[in-house]
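This is the structure alone, sequence omitted:
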């Protein structure tokens, strides 16, 4: 009952806003079959991130990193499709409320769902870049007959994601902070927001006067200290409910 009431409250709040932003994390893509990196059952329980996801490890032995870690991750991402939570955010944009999605995910599912302004905070696994000539390739075009996969020039390909040991592109950080400081509502969906610097965005939004509406499977560090309110449950079900309520009130 509490969840239903909060879903209706979120729809009312969104209806009264015209400048909504969203911050999403691994939890929104779990329902698409992509495991989270952190926490129980996460990727880092299976792989040591310093051994397989640090830029120094990749540059030192790209064959090992591709063979053990990146090839499998690429296969998982290629099989995934947007779920109801992604589609809900896309619908929220189509209705004129949501302006920008800031995502910590590298799966490209927000764009696949139809969102047009997506800040990929940690880069993307949907594209790969040659270390020699900088040519880029869609992930679907990778050829694994040779590992690591190669560019036509012979150079080694790497995903356009941010490895450990690399910096978040400054222009993405700057724009994300600008959006967080000017939005009316920040939807925080499927992220515990403990990884810096993305973790600062809900705090910036709150201090700038925005409502922070959290949608997560379980309480997070944001729930009692930053979020205006938190709706607990599956992101897909909650977003679908919010959209139904919102459309009914328009």
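Sure thing, it's come through. Please read these numbers as outputs of a predicted model, since none were measured by experiment.

can you map out the helices along the protein?
Taking DSSP state H to define them, one finds helices in the chain at 2-15, 43-46, 49-52, 55-60, 62-65, 71-79, 84-94, 109-113, 170-182, 200-207, 235-249.

of those, which approaches residue 101 most closely?
Relative to residue 101, the nearest member of the helices of the chain by CB to CB is helix 109-113, separated by 5.1 Å. From N, CA and C alone the C-beta is placed, and that goes for glycine too.

by contact count, what packs against that closest one?
Helix 109-113 is packed against helix 84-94, with contacts defined by 3 or more CB pairs under 8 Å, 6 or more residues apart in numbering; DSSP states H and E.

Might you report the residue contacts of the closest residue to residue 154 other than its chain neighbours?
Distances taken as CB to CB, 6 or more residues apart in numbering place residue 132 nearest to residue 154, at 7.1 Å, with adjacent residues excluded. Under the criterion of CB atoms under 8 Å, 6 or more residues apart in numbering, the neighbours of residue 132 are 151, 153-156.

circling back: just put the helices of the chain in CSV and tack on distance to residue 227, mean pLDDT and mean neighbour count.
What follows is these, written out as CSV (distance: least, CB to CB, whole Å; pLDDT from 0 to 100; neighbours: other CB atoms under 10 Å):
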stretch, distance to residue 227, mean pLDDT, mean neighbour count
helix 2-15, 11, 92, 16
helix 43-46, 25, 64, 15
helix 49-52, 28, 82, 16
helix 55-60, 33, 95, 16
helix 62-65, 37, 94, 17
helix 71-79, 29, 86, 16
helix 84-94, 17, 97, 23
helix 109-113, 21, 96, 22
helix 170-182, 14, 95, 16
helix 200-207, 7, 96, 19
helix 235-249, 14, 94, 19
